[in-house]
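S.K.: predicted model, plus sequence, below.
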Amino acid sequence: MNYLASVRKQFEYYKLLGEQTMQQLPEEALFWQYNPESNSIATIVKHLWGNMLSRWTDFLTTDGEKEWRNREAEFANDLQTKQEVLARWNEGWQCLLTVLDSLQEADLGKEVFIRNMGCTVVEAINRQLAHYPYHIGQIVFIGKMVLDGQWQSLSIPKGTSATYNANKFTLPKRTEHFTDELLKKPQS
């Protein structure tokens, strides 16, 4: 599997985790904050959206920190509905995935800039592949806190690891990517 296909699957996997979390939550939970210093899911989504648009717009030709980006405003949440949160979520991911789909293997060694610091395309992608899951982990954690006993696990539920692993090892070895199975599941 080539790097671009692999990295796209990784991004899609983390996108799916965020979506599966938000699907479980009532609208008001998207705006819940543990305390005034913490971010709500809506705020995290707004930050991801701003970062994605800035980093991926004109990815190969302009600095990833766009002059029009107002990072500070991303943390002053003004989103009011689940529909607005999901619209920002989808817009950011669409920008990212469209660029990934347009890249060629020959682009991977090219130099791009983020905040006037040069890096290869691979380094820029890896930077975001570390950044976005960091925040999606926060989204999942907030979802688990809010739903408490109503939370539906997005991975192997506690207490079922042995059974899960036993079932996996009864199957023949497969060469597909670990996300292939997860990304094929129909969304409810």
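M.R.: Cool, got the structure.

S.K.: only C-alpha atoms from now on, for both contacts and neighbour counts.
M.R.: Will do.

S.K.: contacting residues for G143?
M.R.: Shown in contact with G143 (Cα atoms under 8 Å, 6 or more residues apart in numbering): 21-22, 24-25, 29, 151.

S.K.: okay, it: pLDDT?
M.R.: Looking at G143, its pLDDT reads 97.

S.K.: same thing with the one 10 residues further on?
M.R.: pLDDT, S153: 93.

S.K.: where's it relative to T21, distance?
M.R.: According to Cα to Cα, to the nearest Å, S153 and T21 sit 9 Å apart.

S.K.: more crowded one of those two?
M.R.: With neighbours defined as other Cα atoms under 10 Å, S153 and T21 compare such that T21 has more, 22 against 12.

S.K.: I'd like the next helix or strand past the helix or strand the more buried one falls within.
M.R.: Using DSSP states H and E, T21 sits within helix 3-24. Using DSSP H and E, the helix or strand that follows helix 3-24 in sequence is helix 41-56.

S.K.: are any of the contacts of G143 buried, and which?
M.R.: Neighbour counting over those (16 or more other Cα atoms under 10 Å) leaves 21-22, 25, 29 as the buried ones.

S.K.: so what pLDDT did the residue lying farthest from the centre of the chain get?
M.R.: For the chain, the C-alpha farthest from the mean C-alpha position belongs to T170; by Cα atoms, centre = their mean, that distance is 31.8 Å. T170 carries a pLDDT value of 91.

S.K.: list the contacts of it.
M.R.: Residues near T170 by Cα under 8 Å, 6+ apart: none.

S.K.: distance of it from L30?
M.R.: Computed as Cα to Cα, the T170 to L30 distance reads 40 Å.

S.K.: same question for R115.
M.R.: Counting by Cα to Cα, the gap from R115 to L30 is 31 Å.

S.K.: so where's the longest helix in the chain?
M.R.: Assignment by DSSP state H gives helix 121-147 as the longest helix of the chain.

S.K.: the helix or strand that that one is followed by - contacts with which helices or strands?
M.R.: Next helix or strand after helix 121-147 toward the C-terminus (DSSP H and E): helix 161-169. Helices and strands touching helix 161-169, by 3 or more Cα pairs under 8 Å, 6 or more residues apart in numbering; DSSP states H and E: there are none.

S.K.: alpha carbons only: can I get helix 161-169 in PDB?
M.R.: Provided in PDB are the C-alpha atoms of helix 161-169 (Å, rounded to 0.1, in the frame of the first residue of the first chain):
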ATOM      1  CA  SER A 161     -10.300  -8.200  25.000                       C
ATOM      2  CA  ALA A 162      -9.700 -12.000  25.500                       C
ATOM      3  CA  THR A 163     -12.800 -13.000  23.600                       C
ATOM      4  CA  TYR A 164     -12.200 -10.400  20.900                       C
ATOM      5  CA  ASN A 165      -8.600 -11.600  20.400                       C
ATOM      6  CA  ALA A 166      -9.600 -15.300  20.500                       C
ATOM      7  CA  ASN A 167     -12.100 -14.600  17.700                       C
ATOM      8  CA  LYS A 168      -9.500 -12.700  15.600                       C
ATOM      9  CA  PHE A 169      -7.000 -15.500  15.900                       C
END
